[in-house]
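Task: produce atomic coordinates for the following.
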Amino acid sequence: MQPTPDQSLWMYETMLVIREYEETMATVYLEGKLPPNIQKGLAFDIGAGPVPGEMHLAAGQEPVAVGTCAHLRDEDTVVGTHRPHHFAIAKGVPLNAMTAEIFGKATGLSRGKGGHMHLFDPAHKFSCSGIEGASMPPAVGAALAAKKLGRDWVAVAFFGEGAANQGTFHEALNLAGLWKLPVVFVCEDNKYAISVRKSDSTAVESNAVRAAGYGMPGVDVLHNDPLEVFAAVGEAVARARAGEGPTLIEVQTDRYLGHFQGDGEVYRPKGEPDELRMRDPIPALAARLREQGTLDDAADEQIRARAHARVEEAYAFARESPYPDPDEALRSVFA
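Presented below is the predicted three-dimensional model:
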């Protein structure tokens, strides 16, 4: 399955947006967190700056998000991970509101109460969680709802290769296989579960082989390539919409940055991130689009300008938005 020219250009532009968004956040996040912080005696103050708390960025993993979401409709459900921005952007979550949420502002998706690991947008049927392996059960629930309603909606659960060792993985796949639910399980294998290599934590080389135990196809995508992801997910989504049940896909992808911002990355071989960036999927896709005649200099300039403008506007909106009133802490919560 090959994307149309419009789909290819959408994937390219969306990857550019994601990359600039994540690299901008990497800089913004550090504001106020690094020395001098003498008055607190801290070398790194995780609670300081405009974006307090932890931050997990997905630079390098863009192909998984765009290759998958290129097949989805507004009514399809996506459940992301603690590293969620690329999925949210590809699913169409409004960038301004998402960024304001990450900044803890009143104009955010949840009026600033959720933050970066808890982005919820019912209008675009997107959610995520900071809990490892938590994406799969809600996606199975959404798929069950679609089946009971008689709709051809699809649910997608994104998760990392480390989460494939959680009990939720096996329970969710078992129910999805048993009930032939329209759900696609997409595993991002970025080689590290926080700091633990896959070879040190997982008994099988590929999680795709585990699909056979739950009566569904298992597919390996061996390169961090949006077109390869597009082809694999396209077949899985078509199966799901036709009532043929779930699919498990594992994608070999690359995480350029640390598990979290501020991660010393002492577990990685020296120079590994630089080596990974040498096979950056964004210029690789641009080169292929140029070869096909889908992209030229003028179009590329326009696409890059639009991507930059979107990101710049989102961060400006978030910075300028007001914080919620203190009494909002007691609103929209269960007593």
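
residue ranges for the helices of this structure, please.
5-29, 62-69, 85-91, 95-102, 136-149, 167-179, 226-241, 272-277, 281-292, 297-320 (DSSP state H).

could those helices go into JSON lines alongside mean pLDDT, distance to Gly160 and mean neighbour count?
The way it works is simple: take the backbone N, C-alpha and C, and place the C-beta from them, glycine included. Below are the helices of the chain laid out as JSON lines (pLDDT from 0 to 100; distance: least, CB to CB, whole Å; neighbours: other CB atoms under 10 Å):
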{"stretch": "helix 5-29", "mean pLDDT": "98", "distance to Gly160": "16", "mean neighbour count": "20"}
{"stretch": "helix 62-69", "mean pLDDT": "98", "distance to Gly160": "10", "mean neighbour count": "29"}
{"stretch": "helix 85-91", "mean pLDDT": "98", "distance to Gly160": "12", "mean neighbour count": "27"}
{"stretch": "helix 95-102", "mean pLDDT": "98", "distance to Gly160": "20", "mean neighbour count": "24"}
{"stretch": "helix 136-149", "mean pLDDT": "98", "distance to Gly160": "12", "mean neighbour count": "19"}
{"stretch": "helix 167-179", "mean pLDDT": "98", "distance to Gly160": "11", "mean neighbour count": "19"}
{"stretch": "helix 226-241", "mean pLDDT": "98", "distance to Gly160": "15", "mean neighbour count": "22"}
{"stretch": "helix 272-277", "mean pLDDT": "95", "distance to Gly160": "16", "mean neighbour count": "14"}
{"stretch": "helix 281-292", "mean pLDDT": "98", "distance to Gly160": "18", "mean neighbour count": "16"}
{"stretch": "helix 297-320", "mean pLDDT": "98", "distance to Gly160": "25", "mean neighbour count": "15"}
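
just so I know, which of those lies nearest Cys128?
helix 85-91 (7.1 Å; CB to CB).

Give the other helices and strands that that closest one contacts.
helix 5-29, helix 62-69, helix 95-102, strand 126-127 (3 or more CB pairs under 8 Å, 6 or more residues apart in numbering; DSSP states H and E).

distance between that helix and the chain's centre?
Relative to the chain's own centre, helix 85-91 is displaced by 6 Å; criterion: CA atoms, centre = their mean, to the nearest Å.

Same check on stretch 240-253?
In terms of CA atoms, centre = their mean, the centre of stretch 240-253 is found 17 Å from the chain centre.

And Val229, how close does it get to Pro137?
According to CB to CB, to the nearest Å, Val229 and Pro137 sit 24 Å apart.

now the end-to-end length of stretch 282-301.
End-to-end distance of stretch 282-301 (CA to CA, to the nearest Å): 14 Å.

Kindly apply the preceding question to stretch 77-88 instead.
11 Å.

for that stretch, the distance to its chain's centre please.
On the basis of CA atoms, centre = their mean, stretch 77-88 sits 4 Å off its chain's mean C-alpha point.

what's the closest of the helices and strands packed on helix 85-91 to Asp200?
Nearest of the helices and strands packed on helix 85-91 (CB to CB): helix 62-69, 22.6 Å.

contacting residues around stretch 282-296?
5, 8-9, 11-12, 15-16, 19, 62, 225-227, 300, 303 (CB atoms under 8 Å, 6 or more residues apart in numbering).

With distance to Ala286 as new columns, can those be given to me in JSON lines?
JSON lines is the format used below for the contacts of stretch 282-296 (distance: CB to CB, whole Å):
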{"residue": "Pro5", "distance to Ala286": "14"}
{"residue": "Ser8", "distance to Ala286": "10"}
{"residue": "Leu9", "distance to Ala286": "10"}
{"residue": "Met11", "distance to Ala286": "11"}
{"residue": "Tyr12", "distance to Ala286": "6"}
{"residue": "Met15", "distance to Ala286": "9"}
{"residue": "Leu16", "distance to Ala286": "9"}
{"residue": "Arg19", "distance to Ala286": "12"}
{"residue": "Glu62", "distance to Ala286": "13"}
{"residue": "Asp225", "distance to Ala286": "13"}
{"residue": "Pro226", "distance to Ala286": "11"}
{"residue": "Leu227", "distance to Ala286": "12"}
{"residue": "Asp300", "distance to Ala286": "7"}
{"residue": "Ile303", "distance to Ala286": "9"}
